[in-house]
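Novice: next input, structure requested:
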Amino acid sequence: MVFLFDDLELDTSLFELRRGGVRVPLEPQVFSVLAYLVAHRDRVVSKEELMDEVWGGRFVSETAVTSRIKQARRALGDDGKSQRVIRTVHARGYRFRRGHRRAGHAGEARSAGFPSTGPGPLRGHGRAAHRVPGHRPR
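Specialist: Sure, this is the predicted structure:
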């Protein structure tokens, strides 16, 4: 599944983040944290939940989570001060803040949410694509 927001594409099938079609290098755990936040962007995700889901129950410190969030923000062009994409909710966790639109067939766009179990592939694309408001198609 491909999630589009700003000038970025998060491709969960290929495990890639792309800016303007160019791959942005990410460590696997940073990608996993980002993908999990995007998939659950409708709510705040706690550090404990991220630790369980991304690290599979292995013991990790909160510093490891904080470090991966910082790296994800940097890759998105965000930072801990502005928090325009990934917001820290004090004593609660993190929330992905971008809205989006889903691209339909033949370039049609309609409002929609990121489904947790995405729709079938778009004709001629091989993967589902989801577009965020403000993103301009190439």
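Novice: so what's the residue count around the nearest residue to residue 17 once chain neighbours are set aside?
Specialist: In space, and not counting its chain neighbours, residue 17 is closest to residue 24: 4.5 Å by Cβ to Cβ, 6 or more residues apart in numbering. Yep, even glycine has a C-beta here, placed from its N, CA and C like the rest. Residue 24 is flanked by 17 other residues according to other Cβ atoms under 10 Å.
Novice: hang on, residue 24 packs against residue 18?
Specialist: Yes - counting by Cβ atoms under 8 Å, residue 18 is a contact partner of residue 24 at 6.4 Å.
Novice: what's the overlap in contacts for the two?
Specialist: Residues touching both residue 24 and residue 18 (Cβ atoms under 8 Å, 6 or more residues apart in numbering): residue 8.
Novice: so where do the helices sit in this structure?
Specialist: Assigned by DSSP state H, the helices in the chain fall at 28-39, 47-54, 62-76.
Novice: which among those helices is found nearest to residue 90?
Specialist: helix 47-54 (11.7 Å; Cβ to Cβ).
Novice: return the distance of that closest one from the chain's centre.
Specialist: 15 Å (Cα atoms, centre = their mean, to the nearest Å).
Novice: that one - contacts with which helices or strands?
Specialist: For helix 47-54, the packing partners by 3 or more Cβ pairs under 8 Å, 6 or more residues apart in numbering; DSSP states H and E come out as helix 28-39, helix 62-76, strand 93-96.
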